[in-house]
Every structure is written in structure tokens, then in C-alpha cells.
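*Asks:* using only what follows, build the 3D model:
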Amino acid sequence: MKNWFSGTILNYLRNIVPYLVVFIASLWSPSDTDLGWHLRYGEYFFKNFTILQENIFSWQMPNYHWVNHSWATDVVTFIIYKSTGFIGLTIAGALVVTLIFYFFARAAKLSFWQQAITFPILLYLEEPLTVISFRSQLLSLLALSILYYLFSVFEDGKRKKLFLALPLFLLWSNFHGGFILGLGIFIVWVALFIFKQFWTSNKLRNKLNTSEIKLLITILFCCLLSTLINPFGIGVYQETIRHFGNPLAKYIIEWLPFDILTPLWWRLIFWGVLIFISLLIIIIRLQFIDKIHYIVPLLILYGLSLIARRYTWTMFLVSIPIIKEMLVLLKSIGEKKLTNITYIIFIASYFYIVFVINPTKNILYMNWQRYCYVYARCSPDSAEALKKYATDKKILTFYNWGGWLIWNYPEIKPSVDGRMSFWQDDSGYSAFKDYYFLEQNLADVHRTDYDVVYMPPTKPVWSQMMKLVEQGKWTVSYSDDFASIFVRL
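*Replies:* This next block holds a predicted model:
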């Protein structure tokens, strides 16, 4: 009885401890600079019971018709914030990250000790994304983790459970445009799974399971149709596809590659080496064809990560089923030693997170003032000073402050904000491109019709504005460590 009880407790701890560590490590304050406009979109939905599709929040490109592919996330974000504030968003973000780890671990069938090795490393690798807390990109990764879990369930013989991918893609297409990447991975996975079936049947001279292939193709086709059940129909494809190969992407950091020799670049290279070693092991074991439907999507994502950093966080996670193969080499240490090492890793991780990272500071001390000073690097006093110019002056505002202004100072319409990076009207005009050239001092603000410039001292245009002040062409109306307001004379 005693052995049974202690065994039950140990099994319970093995099931809960890894995810408890992930949850606590993911308790980050919401720091997305777009948070403000996401909240406004969610608020608009509840006030008007319709989805906002025109631009009413910034004065550039007024009434621009925009396909908001993450409209459902905005609604959920507003509900959480309205009912529980920043604390709720922090907890929601941590829960989503924990579920992502759970489903990918289940998909790869990670053992307790394999979780101990991979979870801390993945938490470190994914931190640039998870540190921002609850946002649509996390929900997209959650959907992808569920899809990979359904893949594994399908391979275990529970074929019809893959039909759950239909409601998954229906929801996914309303919560984030990343569903297109998920659909692309699904297509590649199905194509390679069918290829594997043909290869195996020819090699073993077995009869091909055509019913299984028909089932896969049927589910894939139905998933494609389910993504069209959204307020914008095929428009979500048009909006999302315009991100790929768009010339405006070169001005947006998440669509750029990592700078060579930077820490984030080294993380990518380090993981690439581990993937290469894992593939060598798979090839030596003659398992390449058997795992080809997981290998090829990973290699595609790794190649994309070298081009645009936004794919990196997805690539790290989908590599779990492949990286797992390298971890098998650690079995030579012995099961008992591995178990003891596992407990040490999780206990050390827990205490490091609780006492060094100290997530309570993220939960208990977050408000809009801290958000402004610590994350958005702005100042409420400067926004208060800007109000007097909001009605009759044309203002150039800092891009990253757009969301903050939209939520906290609705009387001040920013010139651009985080929604607008890929906006182009029928004539090809992009307000963001014009803004970027001015911000980087690649175009002369003085030759525009702007009356006011509201910028942080970290931007090249700020130095140019100070020169214009010295020349007596502009004046400084307000200035602090975070922001300055320049007014044309």
C-alpha cells in the first residue's frame, strides 16, 4: 500500500511538475506595443456588435478597409482585460504557453527526463516571443501544437480523431493569420505521409491503404473550406498572403533575418547544429523515410527562419519530434541516474524562476504607467502636453506609441500604429513607408506638411529636429527622457 501510494505521488509529480515550471516561467507582463489598439478593437465589437473594418483610430489613411485576421483574439483580449486587468492577461499568456508545451510534448511522446532536457532550453529559446505575454501569435502556436498532437494520434491508429482539425482550423482562421502557415504544414505533412505509404508498400510489396489516403485528403480539403468561415471570407488569405514577399517587410524587424553574430543568431545556429546531428542519427538508423513528414516541414521552417526571424519560434517547437532522437543517446547514462538528474533540473529550474526571475513582480505591479515607462518607453506627461495640438495640428507620432495612444488618449490620433505596416491603398501609397523614411531621417520632415513631431530621443529624426530647432525653424514644446514634442514655427 505504501509503495502504491508513493508511486502514485511520484507519477502525479512527474505529470504536473514540468508544466508547473513552464507556467511559472511564462508569467510575463503584457508588453506588446500593439496592446492598446487590440483592446480598442475588442471594445468596439462589444459596443457595436460588429467587427471594425475601417481605420478610425489613426489620422493617416482614414477609413482604410482592413481585414483584421486576429479579430477574435482582440475580443478575447478585451474580455480578459476588462474582467481581470493586466493580471488576467499575464495568467492567460502563461496558460497558453503551458498548453503549447503540453501538446507538443504529447505529440512527440516525450518522457519525464526528455521534458527535463528540452523544456528549459525551449523556454530560453522561445523567450523573445513569450516575454510579450498573451497575444495572437501565441494562440497560433497553440493551434499548431494541437495539430501536431492530432498528427500523432492519427499515426497511433485513431484515424478519425484527425477530423478535430476541422474546428481547429475554423477557430484558427479567426484568431490569427498564422493559420495559413499551419495549413501549409498540414499540406506538406499529408503529401509526405502519403509518399511514405507508397514507399513502404512498394518496398514491402504490401497493398496500399487507399482508404487511409482518401480520409487524409478529405480531412485536408474540409479544413481548407473551414478556414473560409470567418467575417472576411477569402479576404483573410489575401491579407495574410500580402505579408509574403512584400517590399515593405524590409522595414519591419520581425520580417528581417537575425543580425549575424548576435545572441539570437547564435541561438538559431546552435539549434541548427542539433537538428543536423539528430538527422544524422535518424539516417544512420534508417528512419529517414519513416519520419520524412516531420523532417521536411522542419527543414522548410529552418530555411525560412534564416530569412525572416518570425518563423524561428515556430521552427523551435516543430523540431521537438526530431530533436528527441538525439536525446535517446543519453539513455546510456542509465534510467535511474537520468531520473535523479531530471528531478535536480526541475527543482533547480523552479527555484531559479521563483527566486531569481521572480514572476510576482510581473503579476502584482503592472499598470499602464509601468507599461508606458518600462515597455513602450513613453511618458504620460508628454501625451498630456500633446493634447493641445490634437485638434488642429498635423502630428507625426512614433510608430510604437500608436497603440498606447489609441487606448489611453483617444483624443490624440496617431499618424501611424502597429496595424499599418503592410497597408497600401489602391494607388500604392503606404503611410508606414512614408513614416519610416521620416523616422530614420531619410526624408526631410521640414519639407512635409507636418506641424508637430512627437518622437523619442532614440530615433534619428530626433537629432534632425534638434538641428531644425537650432536653426529657428522649429521649437521644443515639451521634452523629457522619453519623448519630445517639436512644433513648427
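
*Asks:* which residues in the stretch 351-489 of the chain form helices?
*Replies:* 360-364, 368-370, 380-386, 402-408, 431-439, 460-470 (DSSP state H, counting those that start in this stretch).

*Asks:* out of those helices, name the one with the poorest average pLDDT.
*Replies:* Note on these: lowest mean pLDDT is at helix 360-364, with a mean of 76.

*Asks:* what's next to that helix, contact-wise?
*Replies:* 27-29, 87, 90-91 (C-beta atoms under 8 Å, 6 or more residues apart in numbering). Backbone N, C-alpha and C define where each C-beta goes, glycine included.

*Asks:* 6 Å instead?
*Replies:* Residues outside helix 360-364 that contact it (C-beta atoms under 6 Å, 6 or more residues apart in numbering) are 27-29, 87, 90.

*Asks:* how distant is it from the center of its chain?
*Replies:* 22 Å (C-alpha atoms, centre = their mean, to the nearest Å).

*Asks:* again with stretch 232-241
*Replies:* 19 Å.

*Asks:* residues in contact with it?
*Replies:* With C-beta under 6 Å, 6+ apart, stretch 232-241 has contacts from 67, 69, 173, 177, 180, 230.

*Asks:* which strand or helix spans the fourth one?
*Replies:* The one in question is Gly177. Taking DSSP states H and E as the definition, Gly177 sits outside all helices and strands.

*Asks:* near it, how many other residues are there?
*Replies:* The tally of other residues near Gly177 (other C-beta atoms under 10 Å) stands at 21.

*Asks:* where do the strands sit along the stretch 251-400 of the chain?
*Replies:* Assigned by DSSP state E, counting those that start in this stretch, the stretch 251-400 of the chain shows strands spanning 395-397.

*Asks:* low-confidence ranges, it, go.
*Replies:* Applying pLDDT under 70 to the stretch 251-400 of the chain picks out residues 332.

*Asks:* wouldn't Asn230 be in contact with Ser173 here?
*Replies:* Yes - applying C-beta atoms under 6 Å as the test, Asn230 and Ser173 come out as touching, 5.2 Å apart.

*Asks:* looking at the contacts of helix 360-364, point me to the pair that's furthest apart.
*Replies:* Trp28 and Ile87 (12.1 Å; C-beta to C-beta).

*Asks:* show me where the stretch 1-150 of the chain has helices.
*Replies:* Going by DSSP H, counting those that start in this stretch, the stretch 1-150 of the chain shows helices at 2-25, 35-48, 71-108, 112-130, 136-155.

*Asks:* I'd like those helices as a markdown table, with mean neighbour count appended.
*Replies:* Listed next are the helices of the stretch 1-150 of the chain as a markdown table, based on neighbours: other C-beta atoms under 10 Å:
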| stretch | mean neighbour count |
| --- | --- |
| helix 2-25 | 14 |
| helix 35-48 | 20 |
| helix 71-108 | 20 |
| helix 112-130 | 20 |
| helix 136-155 | 22 |
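
*Asks:* where among those helices is the average confidence lowest?
*Replies:* Mean pLDDT, when computed for each of those, is lowest for helix 2-25, at a mean of 74.

*Asks:* so what's Ala483 up against?
*Replies:* 379, 382, 456.

*Asks:* pull out the buried positions in stretch 343-363.
*Replies:* 343, 345-346, 349, 353, 359, 362 (16 or more other C-beta atoms under 10 Å).

*Asks:* need the CA coordinates for it. CSV is fine.
*Replies:* Once non-C-alpha atoms are left out, stretch 343-363 reads as follows in CSV (Å, rounded to 0.1, in the frame of the first residue of the first chain):
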residue,chain,number,x,y,z
TYR,A,343,14.4,15.9,-10.5
ILE,A,344,17.5,18.1,-10.0
ILE,A,345,16.9,20.0,-13.2
PHE,A,346,13.2,20.7,-12.5
ILE,A,347,13.9,21.6,-8.8
ALA,A,348,16.7,24.0,-9.8
SER,A,349,14.6,25.5,-12.6
TYR,A,350,11.7,26.1,-10.2
PHE,A,351,13.8,27.8,-7.6
TYR,A,352,15.7,29.9,-10.2
ILE,A,353,12.4,31.0,-11.7
VAL,A,354,10.7,31.8,-8.4
PHE,A,355,13.6,33.5,-6.6
VAL,A,356,15.7,34.9,-9.4
ILE,A,357,13.3,35.8,-12.2
ASN,A,358,10.6,36.5,-9.5
PRO,A,359,7.5,36.4,-11.6
THR,A,360,5.4,38.0,-8.8
LYS,A,361,6.7,41.4,-9.9
ASN,A,362,5.1,40.8,-13.3
ILE,A,363,1.8,39.9,-11.7
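
*Asks:* gap between it and the chain center?
*Replies:* Distance of stretch 343-363 from the chain centroid (C-alpha atoms, centre = their mean) equals 23 Å.

*Asks:* now stretch 115-126
*Replies:* Chain-centre distance of stretch 115-126: 17 Å, with C-alpha atoms, centre = their mean.

*Asks:* give me the residues contacting that stretch.
*Replies:* Applying C-beta under 6 Å, 6+ apart, the set of residues contacting stretch 115-126 from outside is 18, 25, 105, 267, 313, 316, 327, 342, 345-346, 349.

*Asks:* in helices, which of these fall?
*Replies:* Those of the contacts of stretch 115-126 mapping onto helices are 18, 25, 105, 267, 313, 316, 327, 342, 345-346, 349, per DSSP state H.

*Asks:* distance check, the nearest residue to Ser463 once chain neighbours are set aside against Leu405.
*Replies:* What sits nearest to Ser463 in space, not counting adjacent residues and going by C-beta to C-beta, 6 or more residues apart in numbering, is Asn441, at 7.3 Å. Going from Asn441 to Leu405 by C-beta to C-beta, to the nearest Å gives 22 Å.

*Asks:* of these two, which one has the most company?
*Replies:* Using other C-beta under 10 Å as the criterion, Asn441 and Leu405 rank with Leu405 on top: 27 against 16.

*Asks:* wait, the more buried one sits on Glu411?
*Replies:* No - under the criterion of C-beta under 6 Å, Leu405 is not in contact with Glu411, lying 9.4 Å apart.

*Asks:* rewinding a little: could the contacts of stretch 115-126 go into CSV alongside distance to Tyr237?
*Replies:* Formatted as CSV, those follow (distance: C-beta to C-beta, whole Å):
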residue, distance to Tyr237
Pro18, 37
Ala25, 36
Ala105, 32
Arg267, 32
Trp313, 22
Phe316, 26
Leu327, 38
Thr342, 44
Ile345, 43
Phe346, 43
Ser349, 41
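
*Asks:* which of those residues sit farthest apart?
*Replies:* The largest separation in these, counting by C-beta to C-beta, is between Trp313 and Thr342 at 25.4 Å.

*Asks:* alright, calling it a day.
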